[in-house]
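**Student:** Fold the stuff below for me.
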Amino acid sequence: MDAQPITWCQSMSSKIRGTRRSFLSKSAAAAASFTILPSYLVTGARAQDGKLPPSKRINLAVIGVGGRASRVVPGICSDGKAHPVAFCDVDFGAKRVADNLEKYPGVRRFKDFRVMLEEMEQDIDAVSVVTPDHTHLPAAMLAMSMGKHVYVEKPLTHSYREAELLMRAERKFGVVTQMGNQGHTSRASVQFQRMVEEGVVRDITRVDAWKSPGLFFMNPEKRFATYPEEEKVPETLDWDLWCGPAKRKPFSAKYHPFDWRAFWLYGNGMLGDWGAHIIDFVHEFLELGQPTKLTPLRIDDANDVLFPLSSHLTMQFPERGEHPALELTWRDGADHLPQIPEQFQEKLPDGTLEAPKLGGAGTVLYRADGKFAIKRGSHGGTSSVIPGDQAEKYKEVLEVENPSLGHMASFTAACMGEDETRSPFRVGGDLTKTLMLGVICQRLGEELNFDRETERFIDNDRANALLDGPPPRAGWEEFYKMA
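**Tutor:** Sure, this is the predicted structure:
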């Protein structure tokens with residue numbers, strides 16, 4: 001039995017439960033509207049930079065200080081409207097942690113987010129969670145249950161069930177939420193939504209989505225099929241806390257600080273990582289929901305430790321109101337680029353055809369009438385009509401302005417009651433569910449039929465077990481019961 005979680009539970013869980021009960025008894029109104037008082041109104045504490053008065057900012061607790069957080073935290077704190085008051089990381093010696101430590105000196109430091117939230121509850125308004133996928137839920141769930149707004153990196157969770165739990169928590173606790181697929185708050189997102197509203201993107205029956213190989217597990221020379229051998233744990237790392245609710249394996253530098261994405265046990269591979277940036281517009285604005293059938297087309301070098309070397313699969317989505325049935329094909333790794341039909345290629349002056357340049361990640365959407373297709377990259381990449389001779393007709397529709405705030409700044413503004421987030425958990429969580437279904441198809445390498453009503457696979461116990469994910473380690477169970 002792991003000592004750290006049990007020790008914390010014995011000494012602090014009763015206090016957290018008491019705090020949570022107290023909060024819930026006082027916050028019925030908060031669930032309906034923004035009435036949770038930020039800590040600056042309660043404590044009067046000022047931002048360290050002193051640039052804005054207490055009534056114009058929020059206090060941010062940071063869970064996961066390095067890596068992607070070196071961009072997320074400054075983004076949330078842009079213009080001084082938020083300021084870190086607590087840093088939590090299991091390894092303050094990891095790469096890029098120093099970026100935030102140097103930018104925001106003097107902020108209190110913690111290794112355990114549970115201790116941080118317990119000790120600084122009254123000083124925290126919002127929490128960023130930028131950690132490996134398998135630790136998103138406990139940190140976000142505890143923060144939400146204590147009335148804290150939460151920004152969580154993509155994919156939202158490590159399993160389908162976890163995504164549902166955080167979506168349920170969003171409804172229950174009434175806090176501001178945002179999943180970190182930053183392109184969802186961009187000019188490209190505004191443009192795509194307008195293209196749907198104006199009928200440019202309509203009657204889409206087929207979508208190709210792709211991602212080039214980029215992580216070590218997609219290099220055949222670096223792959224392996226057994227868990228790495230044990231290495232010495234860095235002195236700065238609390239390995240037990242890093243493992244969190246997941247099964248604890250002996251430490252290896254193959255996991256931390258970055259390559260955990262390659263492992264089924266901790267990450268969600270390329271589909272979970274980049275899918276949130278590639279199919280997010282299609283998923284929300286075409287109201288995809290969940291597929292009813294998933295079929296593997298190509299799974300290379302499958303094993304029980306690493307994600308496949310290459311994965312190609314299709315997802316079938318049924319009719320949805322005015323939207324016809326749609327087939328989405330995902331390709332990552334080898335042969336990831338789709339073949340563009342000749343009717344959507346450019347005709348050159350000499351009569352030859354030139355296929356559009358697709359790049360390393362993106363989507364192509366095909367209309368039922370075949371008049372033209374829509375091509376987009378990823379993140380904040382805008383869309384274009386192909387072939388180009390059709391684009392002039394829709395020039396005005398394609399020209400839109402940037403939103404007033406970016407993805408992270410809009411989270412801060414929403415916490416202040418001044419804006420709304422564009423990828424709250426009801427949006428980002430639903431997208432994550434789709435990504436997790438694809439991950440299960442990759443894992444099992446077999447055709448799966450999914451019931452959208454019951455949210456279970458049909459006659460497949462192995463697949464349903466993966467929907468739920470492994471049970472959390474001893475000492476971490478309570479976070480899965482809060483919603």
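**Student:** wait, is Arg331 part of a helix?
**Tutor:** No. In this structure, Arg331 is strand, not part of a helix, as judged by DSSP: H, G, I helix; E, B strand; the rest coil.
**Student:** pretty sure Arg114 is touching Met141, no?
**Tutor:** No. If you go by Cβ atoms under 8 Å, Arg114 and Met141 don't touch, sitting 11.1 Å apart. Backbone N, C-alpha and C define where each C-beta goes, glycine included.
**Student:** Among the two, which residue is more densely surrounded?
**Tutor:** Taking other Cβ atoms under 10 Å, Arg114 and Met141 do not tie; Met141 has more neighbours (24 against 20).
**Student:** If we ignore the residues flanking it in sequence, what's nearest the more buried one?
**Tutor:** Phe479 (4.7 Å; Cβ to Cβ, 6 or more residues apart in numbering).
**Student:** so who does the one you found touch?
**Tutor:** Neighbouring residues of Phe479 by Cβ atoms under 8 Å, 6 or more residues apart in numbering: Leu137, Pro138, Met141, Leu142, Pro245, Pro472.
**Student:** quick one, phi/psi of it?
**Tutor:** Backbone torsions of Phe479, given as degrees, to the nearest 10, read phi -70, psi -20.
**Student:** Skipping adjacent residues, who's closest to the residue nearest the centre of the chain in space?
**Tutor:** When the chain is reduced to its mean C-alpha position, the nearest residue by Cα atoms, centre = their mean turns out to be Lys154, at 1.5 Å. Ranked by Cβ to Cβ, 6+ apart and with sequence neighbours excluded, the top spatial neighbour of Lys154 is Ala276, at 3.8 Å.
**Student:** Does the one you found belong to a helix, a strand or coil?
**Tutor:** Following three-state DSSP, the label given to Ala276 is helix.
**Student:** Double-check it against Thr432; I have them as touching.
**Tutor:** Yes. In this structure, Ala276 is within contact of Thr432 by Cβ under 8 Å, at 7.3 Å.
**Student:** And those two? Which one has more around it.
**Tutor:** Neighbours were counted for Ala276 and for Thr432 using other Cβ under 10 Å; Thr432 has more, 33 against 29.
**Student:** what about the strands in the stretch 101-250 of the chain?
**Tutor:** Assigned by DSSP state E, counting those that start in this stretch, the strands in the stretch 101-250 of the chain fall at 108-110, 126-129, 149-153, 177-180, 204-211.
**Student:** export the longest one as PDB, just CAs?
**Tutor:** The C-alpha coordinates for strand 204-211 follow below in PDB (Å, rounded to 0.1, in the frame of the first residue of the first chain):
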ATOM      1  CA  ILE A 204     -21.000  17.000 -44.500                       C
ATOM      2  CA  THR A 205     -20.900  13.200 -44.900                       C
ATOM      3  CA  ARG A 206     -17.200  12.500 -44.800                       C
ATOM      4  CA  VAL A 207     -14.300  13.900 -42.900                       C
ATOM      5  CA  ASP A 208     -10.600  13.000 -43.200                       C
ATOM      6  CA  ALA A 209      -8.400  13.800 -40.200                       C
ATOM      7  CA  TRP A 210      -4.700  13.200 -39.900                       C
ATOM      8  CA  LYS A 211      -1.600  13.700 -37.800                       C
END
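**Student:** Need the three-state assignment for Val85.
**Tutor:** Relying on three-state DSSP, one would call Val85 strand.
**Student:** Look up the closest residue to it, ignoring the ones flanking it.
**Tutor:** Nearest to Val85 is Asn59, by Cβ to Cβ, 6+ apart, at 4.4 Å.
**Student:** Hmm, Cys77 and the one you found touching each other?
**Tutor:** No. If you go by Cβ under 8 Å, Asn59 and Cys77 don't touch, sitting 10.5 Å apart.
**Student:** any shared contact partners between those two?
**Tutor:** Shared contacts of Asn59 and Cys77, counting by Cβ under 8 Å, 6+ apart, come down to His83, Pro84.
**Student:** that older thread, for the residue nearest to the centre of the chain, what are its contacts?
**Tutor:** The neighbours of Lys154, taking Cβ under 8 Å, 6+ apart as the test, are Met179, Gly180, Asn181, Asp273, Ala276, His277, Gly428, Thr432.
**Student:** Read off the pLDDT value for it.
**Tutor:** pLDDT, Lys154: 98.
**Student:** count of neighbours near Trp210?
**Tutor:** Close neighbours of Trp210, defined as other Cβ under 10 Å, add up to 24.
**Student:** contacting residues for it?
**Tutor:** Listed by Cβ under 8 Å, 6+ apart, the contact set of Trp210 reads Ile278, Trp330, Arg331, Asp332, His336, Leu337, Pro338, Leu358, Ala361, Gly362, Thr363.
**Student:** for Ile124, same thing?
**Tutor:** So Ile124 contacts Ser39, Asn59, Leu60, Ala61, Val85, Ala86, Leu117, Lys148 (Cβ under 8 Å, 6+ apart).
**Student:** Now it: phi and psi?
**Tutor:** Dihedral angles (degrees, to the nearest 10) for Ile124: phi -120, psi 130.
**Student:** And it, how far from Cys77?
**Tutor:** Going from Ile124 to Cys77 by Cβ to Cβ, to the nearest Å gives 14 Å.
**Student:** hey, what's in contact with both of those two?
**Tutor:** Between them, Ile124 and Cys77 share these contacting residues under Cβ under 8 Å, 6+ apart: Leu60.
**Student:** Spell out which residues are contacts of both of Ala276 and Thr432.
**Tutor:** Any residue near both Ala276 and Thr432 by Cβ under 8 Å, 6+ apart counts here, and that gives Lys154, Pro155, Met179.
**Student:** Neighbour-wise, give me the winner out of the contacts of Phe479.
**Tutor:** Greatest neighbour count in those, by other Cβ under 10 Å, goes to Leu137: 30 neighbours.
**Student:** what's the closest of the contacts of Lys154 to Arg109?
**Tutor:** Relative to Arg109, the closest of those is Gly180; by Cβ to Cβ it sits at 22.5 Å.
**Student:** isn't the closest one right up against Ala140?
**Tutor:** No. Using Cβ under 8 Å as the test, Gly180 is too far from Ala140 to be in contact (11.6 Å).
**Student:** between these two, who's got more neighbours?
**Tutor:** Per other Cβ under 10 Å, whichever of Gly180 and Ala140 has more neighbours is Ala140, with 31 against 25.
**Student:** And stretch 79-97, what's buried?
**Tutor:** 81-92, 94, 96-97 (16 or more other Cβ atoms under 10 Å).
**Student:** domains for this structure, by residue range?
**Tutor:** The chain breaks down into these domains under automatic domain parsing: 3-184+406-421+475-480, 187-398.
**Student:** what's the closest of the ones you listed to Asn460?
**Tutor:** For Asn460, the closest of these is domain 187-398, at 10.9 Å, according to Cβ to Cβ.
**Student:** can you pull the contacts of the residue lying closest to Gly406 once chain neighbours are set aside?
**Tutor:** Spatial nearest neighbour of Gly406, chain neighbours left out: Thr185 (6.0 Å); criterion: Cβ to Cβ, 6+ apart. Residues in contact with Thr185, defined by Cβ under 8 Å, 6+ apart, are Pro403, Leu405, Gly406, His407, Ser410, Thr421, Arg422, Ser423.
**Student:** Counting neighbours, which of the residues you listed comes out on top?
**Tutor:** Taking other Cβ under 10 Å as the neighbour criterion, Ser423 ranks highest of these with 29 neighbours.
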